[in-house]
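Engineer: sequence plus predicted model, see below.
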Amino acid sequence: MGNGESRVRGIAARAGGWSARHRWGAVGIWVLFVVLAMGLGSAAGRVDVKDSDQLKGETHTAAEIIEDAGIDEPAGETVLIQAKDGAMKATDAEFRAGVAAVVRAVEATGEVTDVTSPYETHTISKDGRSALVQFDMRGEADTAGERVEPVLKAVEEVQKDHEALRIEEIGGASMMKTFADAFGDDFQKAEYSAVPVAFGILLIAFGALVAALLPVALAITAIMATMGLMGVVSHAVPMTDAANSVMLLVGMAVGVDYCLFYLRREREERAAGRDARTALGIAAATSGRAIVVSGVTVCVAMAGMLFTGLAEFEAMGLASLMVVAVAMVGSVTVLPALLSLLGERVDKGRLPFRRRRGTSGPADSRFWTAVLRRVLARPVLSVVVATGALLAVAAPALGMKTQQLTLDQEFGDSLPIVQTYNRLNEAFPGGSEPAEVVVRADDINAPEVKNALARFKEQAISSGASRGPVEIKLHDAQNVAFVYVPLVGGSDLDRAGASLGKLRDEVRPATLGKVDGVEAPITGQVAGSKDFNDQLAGAVVPVFAFVVVFAFLLMLLSFRSLTVAITSIALNLLSVGAAYGILVAVFQHGWGASLVGAEGVGAIITWLPLFLFVILFGLSMDYHVFVVSRIREARLRGRTTKDAIHHGVVTTAGVVTSAAVIMVAVFAIFGTLSMQSMKQMGVGLAAAVLIDATIIRGVLLPAVMALLGERNWYLPKWLHRLPDLTHDESPEAVAPAMRDDEGAPLRV
């Protein structure tokens, strides 16, 4: 039956068969889908997450009050003035002249409003050597970075005229501009470089230009279609820039991987002597089915983010889910059509140094053949050593500390504005990012409200939560007041968090809390970090449970094996744990941080552990499903379990290695970005994929399956009524009444 036809079932096989028979129709439908998706997305426009929807808790309440009042908070800017030698004080004439020059210069730009002198607002440090000129940028805060350059230049000119003073500007607008100038192209470069990197690896893997272009082209079109769909969907679930970046990252990884699995199997079958139609049918029934199982599993994992209740996570989860679904559909529909159209021309543009694959089938990996021989000879030792090594790597994760990274943690000393930030916090602890109390009352000018505000201002300092100065800004027409409280602890978020606790739990109840009808939620960076952590902590268990349970059920239904489902979950959890351990070791403790151009910042950014769990749990199923499907297929052909394991791992080694190298390379690009949070994400993802494709799939999986033997395919009788989502294998698999090593009927 080498070139004969065999009946196949399953959605992937049927989709592949239809596409191969209706080649131009399948390609046309895909092109039409991509164009329509992009057109609809462009027409609909993208709705971004509002500030009031970013978080729950007090931060959410404060943002709602501001939105309801129609107050557009301007971007606040601060000019720090200090004597360079530390001897001059703010009361000296030269210092006063510098302050006056700053005030005149920024007012003269016409871009600012509400300029205040430190001699009026008493924003002079306790030692008298530092002072703050404060003002707001005109116009919307979101675009203030585009208008702040004349102000920055004006301050620079004042600095030139007063060499004895250090005059530096910092604030929302200046930081926005500085980051845009320094890192604005970082993401674009990373996203654009991912394409040539993936193409280069595929070109080496396939040795042919056309074969290498197919996966990249399909991944790019899947990303383009998803970008359009994101615009439409954003009217129901608002999106974010972070969701866009994550979608590109995941889309490139899975889009290339899925095509790689399919294309490699089709080429392998043709190299084994099958005609093009039969080879394509086998690829559809086997690799196509593995892509569907893997894709659905990844989608389920991404859907776990929707249970966090955090708008940022919901956007990232939905965007990732959509791009995986689109890439999966494209891989099992348009790819078979393209392969059918191209035929032998898929090998066009062969590299001169790559020999043409022979007709005897794909060459086994010598490296993995040698590894497998040792692993299968001593499976117990292999399990103990590999598990022990991964647990040792995962051990640092037990002491994981998560927090929002401060400016100096995120960027180190690479930018002058970070040094300004540190100097400002040293002179005015918490002054760079004060807590913001948003007070709403029936009448903000009522005597009892004014008295409560005055008492709050006084007790904020007397309680030790702040060293001042505490600033109150009234919005009479809206009956709203903003109270800005620099927190003791400054950029030390642990100490600043304790100061926030005093404000929320002691000062507020004793002052503003005693006035009927007054709302006073406390927001700001420290408050936002705490509210984010609290909400995320409550979401961890539901998300973990959802992802694990549904992944278990999908594996159970796809392989009809309780053992495979359990071992799949266990191995994936071990892989994620090892990735966590590497993250903590490198970024929290600083072990080997310099090797990846990072710094030990003492913490992991808050959102990363849950994000990594969801992404890695989904992506690691790519390799697992692909390898286990091949092992199961070999067992159905009549091989012994040990021989099937050897065959499945070795024959998939090339494609798994290529896929892993692409993923590691793409993720590592993000590890080269300047922001520590992006480095953490890139290194965590790259390390986890590398571990997953080597130690997990190359050592632990075959060793565990070798120890379990025929128990790998165990399914209790009471579960036999479960839906059968397995697939018909390639023609050689037709071997009726297959029996196990003991003569009993084999159920797989």
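Structural biologist: Cool, got the structure. Residues are numbered from 1 along each chain as shown.

Engineer: which SSE is immediately downstream of the particular helix or strand that has Val418 in it?
Structural biologist: In the assignment (DSSP states H and E), Val418 maps to helix 416-427. For helix 416-427, the following helix or strand on the C-terminal side (DSSP H and E) is strand 435-440.

Engineer: what comes up buried for that next one?
Structural biologist: 435-440 (16 or more other C-beta atoms under 10 Å). All C-beta spots, glycine's among them, are computed from the backbone N, C-alpha and C.

Engineer: and which of those residues is nearest Ser331?
Structural biologist: Glu436 (48.7 Å; C-beta to C-beta).

Engineer: could you list the low-confidence segments of the stretch 101-250 of the chain?
Structural biologist: 182-189, 191 (pLDDT under 70).

Engineer: helices along that one, start to end?
Structural biologist: Counting by DSSP state H, counting those that start in this stretch, the stretch 101-250 of the chain has helices at residues 118-121, 149-161, 172-183, 186-206, 209-233, 241-271.

Engineer: the helix holding Val418: which residues count as buried?
Structural biologist: Per 16+ other C-beta under 10 Å, helix 416-427 contains these buried residues: 417-418, 420-425, 427.

Engineer: could you point out which element follows the lowest-mean-pLDDT helix or strand in the chain?
Structural biologist: Here the helix or strand of the chain ranked lowest by mean pLDDT, DSSP states H and E is helix 51-54, holding a mean of 64. Next along the chain after helix 51-54, taking DSSP H and E as the criterion, comes helix 57-69.

Engineer: following element in sequence after that next one, please.
Structural biologist: The first helix or strand that comes after helix 57-69 along the chain, using DSSP H and E, is strand 76-83.

Engineer: what angle sits between that next one and helix 416-427?
Structural biologist: On the basis of axes from the mean of the first three to the mean of the last three C-alpha atoms, to 10 degrees, strand 76-83 is oriented at 70 degrees to helix 416-427.

Engineer: sketch out the low-pLDDT regions of the stretch 451-600 of the chain for me.
Structural biologist: Short version for the stretch 451-600 of the chain, where the test is pLDDT under 70: 490-491.

Engineer: so Ala283 touches Glu266, yeah?
Structural biologist: Yes: here Ala283 reaches Glu266: they are 3.9 Å apart, a contact under C-beta atoms under 8 Å.

Engineer: what's the overlap in contacts for these two?
Structural biologist: Leu339 (C-beta atoms under 8 Å, 6 or more residues apart in numbering).

Engineer: which helices and strands does the longest helix that the chain contains pack with?
Structural biologist: The residue-count maximum for a helix in the chain (DSSP state H) belongs to helix 525-559. If you count contacts as 3 or more C-beta pairs under 8 Å, 6 or more residues apart in numbering; DSSP states H and E, helix 525-559 packs onto helix 57-69, helix 289-303, strand 402-403, strand 435-440, helix 493-502, helix 562-583, helix 608-636.

Engineer: which parts of it are buried?
Structural biologist: 525-533, 535-536, 539, 543-544, 546-548, 550-551, 554-559.

Engineer: and that helix, how far from the chain's centre?
Structural biologist: 14 Å (C-alpha atoms, centre = their mean, to the nearest Å).

Engineer: could you list the low-confidence segments of the stretch 601-748 of the chain?
Structural biologist: 724-748.

Engineer: how does it look with 50?
Structural biologist: Applying pLDDT under 50 to the stretch 601-748 of the chain flags the ranges 728-748.

Engineer: what are the ranges of the helices in it?
Structural biologist: Counting by DSSP H, counting those that start in this stretch, the helices of the stretch 601-748 of the chain are 608-636, 641-671, 676-691, 701-708.

Engineer: before we move on, what about the stretch 351-500 of the chain?
Structural biologist: 366-377, 379-394, 407-411, 416-427, 447-462, 493-502.

Engineer: of the ones you listed, which is nearest Ile65?
Structural biologist: Per C-beta to C-beta, nearest to Ile65 of these: helix 447-462, 14.7 Å.

Engineer: what sits up against that closest one?
Structural biologist: Contacts of helix 447-462 (C-beta under 8 Å, 6+ apart): 437, 439, 441, 443, 466-468, 470, 472, 481, 483, 485, 503, 506-508, 510-512, 514-515, 518, 520.

Engineer: next one: stretch 21-33
Structural biologist: 18-19, 221, 225, 330, 333-334, 336-338, 340-341.

Engineer: pull the most distant pair out of those.
Structural biologist: Among the contacts of stretch 21-33, Ala225 and Ser340 lie farthest apart (C-beta to C-beta), at 21.7 Å.

Engineer: who's more crowded, these two?
Structural biologist: More neighbours surround Ala225 than the other of Ala225 and Ser340, with 25 against 20 (other C-beta atoms under 10 Å).

Engineer: Leu218 is in contact with that one, correct?
Structural biologist: No: contact criterion C-beta under 8 Å: Ala225 and Leu218 do not qualify, at 10.6 Å.

Engineer: quick revisit: can I get the helices and strands packed on helix 525-559 in CSV including distance to Gly682?
Structural biologist: Converted to CSV, the helices and strands packed on helix 525-559 look like this (distance: least, C-beta to C-beta, whole Å):
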stretch, distance to Gly682
helix 57-69, 28
helix 289-303, 19
strand 402-403, 18
strand 435-440, 32
helix 493-502, 23
helix 562-583, 11
helix 608-636, 11
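
Engineer: would you tell me which of these gets closest to Pro118?
Structural biologist: With distances scored as C-beta to C-beta, the stretch of the helices and strands packed on helix 525-559 nearest to Pro118 is strand 435-440 (20.5 Å).

Engineer: quick one: the closest one to helix 525-559, angle?
Structural biologist: Using the same axes, to 10 degrees, strand 435-440 lies at 90 degrees relative to helix 525-559.

Engineer: ok, and what's touching strand 435-440?
Structural biologist: 62, 65-66, 69, 449, 453, 456, 479-487, 499-500, 503, 508, 512, 518-524, 526-527.

Engineer: let's see it at 6 Å
Structural biologist: 62, 65, 480-481, 483-485, 487, 500, 519-524, 527 (C-beta atoms under 6 Å, 6 or more residues apart in numbering).

Engineer: relative to helix 447-462, how tilted is it?
Structural biologist: Using the same axes, to 10 degrees, strand 435-440 lies at 170 degrees relative to helix 447-462.

Engineer: so for strand 435-440, mean pLDDT?
Structural biologist: Mean per-residue pLDDT for strand 435-440: 92.

Engineer: now that strand against helix 57-69, angle please.
Structural biologist: Inter-element angle recorded for strand 435-440 and helix 57-69: 50 degrees (by the same axes, to 10 degrees).

Engineer: how about the CA coordinates for strand 435-440, as PDB?
Structural biologist: C-alpha atoms of strand 435-440 as PDB (Å, rounded to 0.1, in the frame of the first residue of the first chain):
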ATOM      1  CA  ALA A 435       1.000  58.600  46.300                       C
ATOM      2  CA  GLU A 436      -2.000  60.400  44.900                       C
ATOM      3  CA  VAL A 437      -5.200  60.700  47.000                       C
ATOM      4  CA  VAL A 438      -8.200  61.400  44.800                       C
ATOM      5  CA  VAL A 439     -10.800  63.000  47.100                       C
ATOM      6  CA  ARG A 440     -14.400  63.400  45.900                       C
END
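
Engineer: out of the helices of the stretch 601-748 of the chain, nearest to Gly172?
Structural biologist: Closest among these, once you apply C-beta to C-beta, is helix 676-691, at 18.9 Å.

Engineer: now for that closest one, which elements pack on it?
Structural biologist: Judged by 3 or more C-beta pairs under 6 Å, 6 or more residues apart in numbering; DSSP states H and E, the packing partners of helix 676-691 are helix 562-583, helix 608-636, helix 641-671.

Engineer: before we move on, the earlier item: how about the helix holding Val418 as CSV, C-alpha atoms only?
Structural biologist: Extracted in CSV, the C-alpha atoms of helix 416-427 (Å, rounded to 0.1, in the frame of the first residue of the first chain):
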residue,chain,number,x,y,z
PRO,A,416,21.0,60.4,32.5
ILE,A,417,17.3,60.7,33.5
VAL,A,418,17.7,57.7,35.7
GLN,A,419,20.5,59.5,37.6
THR,A,420,18.2,62.5,38.0
TYR,A,421,15.6,60.1,39.3
ASN,A,422,18.0,58.8,41.9
ARG,A,423,19.2,62.2,43.0
LEU,A,424,15.6,63.4,43.3
ASN,A,425,14.6,60.5,45.5
GLU,A,426,17.7,61.0,47.6
ALA,A,427,16.9,64.7,48.2
